[in-house]
Structure formats: C-alpha cells, structure tokens
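J.: After the sequence you'll find the predicted model.
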Amino acid sequence: MFPQRLDSPLAYDIAKAMMDGFNRHYRLFRAESARAKHRFETADWHGQQRAQRERIEFYDLRVSEAVARLEKEFKAGEQPMDVWHQIKLHYIGLLVDHHQPELAESFFNSVTTKILHRTYFQNDFIFVRPAISTEYIEPRGAPTYRPYYPAPDTLADTIEQMLDDFALLGSFANKRRDAERVARVILNRFHQVKLRANFQLQVLSGLFFRNKGAYVVGKIMNGFTELPFSLPILHDSHGRFYIDAALFGEDDLQMLFSFARAYFMVDMEVPSAWVQFLRSLMPRKPRAEIYNALGLAKQGKTLFYRDFLSHLNYSSDRFRIAPGIKGMVMLVFDLPSFPFVFKVIKDFYPPQKDTTREQIKGKYMLVKQHDRVGRMADTLEYSDVGFPLDRFEPELIEEIRKFAPSQLEIGDRDGNGEMEVVVKHVYIERRMIPLNIYLQEAFDALANPESPAHAKRAKEQLERAVIEYGNAIKDMVAANIFPGDMLWKNFGVTRGGKVVFYDYDEIEYVTDCKFRKVPAPRNEEDEMSGEVWYSVGPKDVFPETFEPFLLGNKDVRAAFMAHHADLLDAAFWQHHKERIQAGQMLDVFPYEESQRFQHEGHATHF
C-alpha cells in the first residue's frame, strides 16, 4: 500500500534527480534524431548509419549515470521501502504536464530495478501500468501533423507546399514534376469516387530519416475513407532531391516500418502523439513495434511485456519446446497462442561451434545496431524474466535444466506460494515459418498433388521462396553482412511472404571474411580424399561448398541456379567486399522496384 504521508526529506530529491536523468536522456536522444536532417541534406550516409548505431546505446548510458548519481548522493539502495513508495508518488507528480510521460515511467522502472531487489518489482514500486494518460498532450513547438485541404486541380500545388514546409536545405531536381506525379497517382486512387468536402492530406510534421532516405508519412482523408501514404525522398547522382515512389495502404507502410529494418531518426516532442497517428495508419501493428521503429526501444520493451502479461492472463496453453530442428547454440521455446519465440543461449555447445556466451551476445548486439535491410529480425532482450511454473511443459523445464542450467531458477513467486520460473537471459523474436518447413510443405504438395492447380501453386511457392532466400542474402551482403550459416532452417518466412534471417551466432561482416575458390586437387589422391586437402583459415569462406548443403532438391536447384547462381561464386563475394571497403553504400529499398518512379541518375537497387 502507498503511504498516507509524504514526510521523507529525501524522497522528492531522489524523484527529481531521476527525472533530471530522464530529461537529459530525451534531450540528447532528440538532438541526435534532429541532426539526421542535416546528415541527409549533406549526403553524410556513413554518418547517418553511425548515428543510428550510437543512438541505441544512449538509454543504457543515461540509466547507468542516474543509478550512479542516486547511489552517490542519496545512498538510494539503502533507503527503506516506505521512502521508495514516496519517491514514486513524487515522480508521478513530476509527470503531470510532461510531454514524454510514458518514456519517463519506463526510465523510472529501469533505474529502480537496477537499485532494488527483484522481489520489489511490483506495482507499488514500479510502473507496471501507466500512471499518466498520454491522450491529448499538445506540443509546445511544431504540431504533430499538418493538414492540407487541396482541390483536385490544386493537388500538385499543395504537394509542392508540403515539401517546402519540411524546409530541406538543398534543391529538388524537378519538384514540380515530382508533385505532379504524386498528385496523378493520388487522384487515380480516387478516380471512381467523388472527392468529399473534407478531402485532405494529414502529414506528420517531421521527416523520417533512415540510411539514404527521408520519408514523408501521412494519410489522405476523403469522407470516411482514410488511405495511408508515404513518399520516399532520395538524392540523385548530382546530389539533388527527388521523390522516388508513392507508397499507399497499410501493407506498404508495414513494410516501411518492418521489425526487420533499422530504426528511424525523427524529431518528436510528443512521441505518444506520433505513435497514435502511426497506429491510425497501421492498426494491426502493435504500439510496441511502432515505438521500436522510432528508436524508442525501451518503451517498446515495456509495452511488449505488458501485452505479454495480459496475454498470459487471457490464455491457458503452455510454453513448449519450439517445433522444428533444434539449434546447437540456442534453446528455443514458444507459447502456441503467442506470435513470438523465446531464445536462450545454451551453457555448452558441440565441438564444431567454437564460441562463447559473450560472443553470441555480441553477434545479437551487432544485428541490433546494424542496418537490418528488412532481412534480419529485430530481437527484444530481457533479463530475469518470470513465468508461472504451471504454464511450462515439464519437457521444456528438463530441456532448460539439461542445456542451460545457469539460466534457470525456480522458486516461490513474490513470496505468495505461487511457483515461478525465472529465465536469467532471453531473446524474444517474432515467430515466422522456418524456411525449411515452408519448403517441405511445397515438396509434399508436389509429391502428392491434389490437382494440377495444386501442383502449380506448390511449384510457385517453392520458386518464390528460393528467389526470396537469395534476395535476402544479397540484401544482407549490400549491408556488409555475411550470414555464416546459410542453411534454410536459419531463415523464416513472414506473414507478408518475405524471407528473413534470424540465427545470428555465426554472423560476420563481409569485410572480415576471406572468400576463396576451392583449390584444384594436386593429385588423384586429393581428388578421391574425403578430407580437405587445402589450408583453411578461421575467416575463410568457400562459396562453392554451399551447393551440397542447399541444393539437394532438383526443383530448389533449378530455381536457385536460375536466379542466384552467383552466390556460389567467390568472385561475387570478393566484388562486394571490395565495394564496401571502398566506402560505397548500396540502396536496399523498403518497397518494390515496380513502385518506383523512373528518374535519370536515380539510385539503383542492389
């Protein structure tokens, strides 16, 4: 229970110091996000990627600073629980009229759980539920979005005005041409319906920056119809701006804000208002994923965990060992009714896996900080996660005891007699269909087709999956990533049919690898030998040796060789290694080639 009095002389000072720590964090986060505009204007692409990486570390640094200050100035860890109750009440008072209250609550939780023992991680001491509403917070500066009310014959003029309102320093190659193109495709979307009195464009007031692109994001309203849209702005070969495409509808926006892409840089005074607007464009996308996409990953984790606890309350199935081929490094489990998987690093690995827990964690952090180009799943990382013991299948408990005993604790939950499983360290990823299972479904359908049409669909599914697999690898190569283990089982198929990589323990930078052709055998004995007769360094890769592991099925082989035979050639990998070392950064777009306008001197797909 909360105290009836606020009589601790330290409680307000501790709450204020914690709020100062959060305000410093968001001020630095926002300043770095705002600088993305200048980096885009000056084509500082490597600086943009570096800032995207470094900003991820801001939160943990500010939390550590706040913990150190509270311990040094107030001996916070020694304060009685009555004082901590009062600290939370004072903090709630400081959140009134705050513009980022939900983020400040998560910051309070992060700092408090670093200081208090886990038994106090309950509603009285931390924000399990939000205390402050984020509805209707009005920014002091620029509005969250700008409305425009064009007539059909002035739509191009309005789009030009909208582009001017973003105040990019630099010139468009042909702003009028771009505005007329966009106006034409918008009017084509509405050509069979009457434009209503409320026909308008609502556009978020800041551009979304990522890698070499800046994105206008908004929606078109016409009567009761709302159509999400986004306009990617790129640089041409002369350094001038141009609109590369017009994206429409929830599916296009979902692709743009995918969990398999790097976080956006965008300057937001009231992030909850931006999330609410984006939610109106993508109602199927959880708020947690939208916060993640905006670079506010800690808030994403907070909301995800709240959603997870709610799901546990309203479900009754049990955690189980995840279906599929078991990994050598990761123990994977899931809850059938929940669309995510839980991955725990094992305590020991077979001899062929020469790695350590810290190295594996380093690989996952590499992916978190890297441009994921729509091909590498984002992960949520948690420590000391508690689950009800009665929701675990006994086989899963035994599996964890056998392979990851250091990661398992079982005990009395909160001292109330309820037994709890505590997993010390876990990664959580969106569940996908493993590519090997997806292909097996096609193999089975081809082996026993119900009809010629069924066989045709299975053949198309197989070919599409193989093409997507190769495209995924090539997109990762464009971002300087070599997957390491390229087996089908390490890739998944998303709801939208995209192939995404999700097994990171052997991932390497392309530039750290040495891609070689297999040397010719020196003699007949070499040729007949089952052993490798040539020297192999720790970072040596022989692409032609991928073939036996990947192309055993004749239909898979035919599709792969028709579209991606170059992946078996060391020269392909060497070429891209040299390109990356020369500082060239390729474009990997979050939309299809067919959606692009045609421009002279525009950037090209990988």
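T.: Noted; the coordinates are in hand. Predicted, not measured: the structure shown is a model, and the values here were computed from it.

J.: tally of neighbours for Lys298?
T.: Residues within reach of Lys298, counting by other CB atoms under 10 Å, total 19. Every C-beta, even on glycine, is put in place using the N, C-alpha and C of the backbone.

J.: For Gly386, list each beta-bridge partner.
T.: On DSSP bridges, the residues paired with Gly386 through beta bridges are Val422.

J.: shaky segments in this protein?
T.: Scanning the chain for pLDDT under 70 picks out the ranges 1-4, 117-124, 413-415, 526-530, 599-606.

J.: can you rerun that using 80?
T.: 1-7, 117-125, 191-193, 412-417, 521-534, 598-606 (pLDDT under 80).

J.: who does the longest helix along it touch, helix- and strand-wise?
T.: Ranked by residue count and defined by DSSP state H, the top helix of the chain is helix 452-478. Other elements packing on helix 452-478 under the criterion 3 or more CB pairs under 8 Å, 6 or more residues apart in numbering; DSSP states H and E are helix 435-447, strand 491-493, strand 499-501, helix 554-564, helix 570-581.

J.: Just give me the neighbour total for the residue lying closest to Leu163 once chain neighbours are set aside.
T.: Spatial nearest neighbour of Leu163, chain neighbours left out: Lys175 (6.3 Å); criterion: CB to CB, 6 or more residues apart in numbering. Other residues lying near Lys175 total 18 when counted by other CB under 10 Å.

J.: and the gap between Lys175 and Phe248?
T.: Per CB to CB, to the nearest Å, Lys175 is found 21 Å from Phe248.

J.: what do you get for Tyr504?
T.: Applying CB to CB, the value for Tyr504 to Phe248 is 34 Å.

J.: circling back to that earlier point, check which residues of the longest helix of the chain are buried.
T.: By neighbour count with 16 or more other CB atoms under 10 Å, helix 452-478 contains the buried residues 455, 457-459, 461-478.

J.: what does stretch 193-204 give?
T.: Phe199, Gln200, Leu201, Gln202, Val203, Leu204.

J.: in what helix or strand does Gly484 lie?
T.: For Gly484, there is no enclosing helix or strand under DSSP states H and E.

J.: Use 40 as the first number for this chain going forward.
T.: Done: numbering now begins at 40, and the last item shifts to Gly523.

J.: what's near enough to touch it?
T.: Contacts for Gly523 (CB atoms under 8 Å, 6 or more residues apart in numbering) come out as Asp544, Glu545, Ile546, Glu547.

J.: can you tell me which of these lies nearest to Phe426?
T.: Taking CB to CB as the measure, Phe426 lies nearest Asp544 of the contacts of Gly523, at 24.1 Å.

J.: Wait, a strand at the closest one?
T.: No. Counting by DSSP: H, G, I helix; E, B strand; the rest coil, Asp544 falls outside a strand, being coil.

J.: Give the burial count for the closest residue to it other than its chain neighbours, as a bare number.
T.: Spatial nearest neighbour of Asp544, excluding adjacent residues (CB to CB, 6+ apart): Val368 at 4.6 Å. By other CB under 10 Å, the residues close to Val368 number 22.

J.: So Val368 sits against Lys392, correct?
T.: Yes. Using CB atoms under 8 Å, Val368 is in contact with Lys392, at 5.8 Å.

J.: So Val314 lies in a strand, does it not?
T.: No. Read with three-state DSSP, Val314 is helix and lies in no strand.

J.: secondary structure element for the nearest residue to it once chain neighbours are set aside?
T.: Nearest non-adjacent residue to Val314, counting by CB to CB, 6+ apart: Ile329, 5.0 Å away. Ile329 belongs to helix 326-332 when assigned by DSSP H and E.

J.: Just the CA atoms of that helix, as CSV, please.
T.: Only the C-alpha atoms of helix 326-332 are listed here, as CSV (Å, rounded to 0.1, in the frame of the first residue of the first chain):
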residue,chain,number,x,y,z
ARG,A,326,2.3,0.0,-30.3
ALA,A,327,5.4,-1.7,-29.0
GLU,A,328,6.7,-2.2,-32.6
ILE,A,329,6.0,1.4,-33.5
TYR,A,330,8.0,2.7,-30.5
ASN,A,331,10.8,0.3,-31.6
ALA,A,332,10.7,1.6,-35.2
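
J.: quick one, what contacts the closest residue to Glu434 other than its chain neighbours?
T.: Once flanking residues are discounted, Glu434 sits nearest to Ile360: 6.3 Å by CB to CB, 6+ apart. By CB under 8 Å, 6+ apart, the contact set of Ile360 is Val371, Phe372, Glu432, Glu434, Leu435, Glu438.

J.: any idea how far the residue nearest to Leu202 lies from Pro186?
T.: Distance of Lys214 to Pro186, computed by CB to CB: 21 Å.

J.: pretty sure Thr418 contacts His464?
T.: No. The pair Thr418 and His464 does not pass the contact test of CB under 8 Å, sitting 11.8 Å apart.

J.: Quick check: phi and psi at Phe280.
T.: Note on Phe280: its backbone torsions stand at phi -80, psi 150 [degrees, to the nearest 10].

J.: Leaving out chain neighbours, which residue sits closest to it?
T.: Phe211 is the one closest to Phe280 (CB to CB, 6+ apart), at 4.6 Å.

J.: any idea how far Pro558 is from Tyr344?
T.: Pro558 is 53 Å from Tyr344, by CB to CB.

J.: So the two - more neighbours on which side?
T.: Between Pro558 and Tyr344, counting by other CB under 10 Å, Tyr344 is the more crowded of the two (17 against 12).

J.: Now do the contacts for that one.
T.: Contacts of Tyr344 (CB under 8 Å, 6+ apart): Tyr421.

J.: follow-up on the earlier one: please report the distance of the residue nearest to Asp544 from Lys616.
T.: Val368 sits 26 Å away from Lys616, going by CB to CB.
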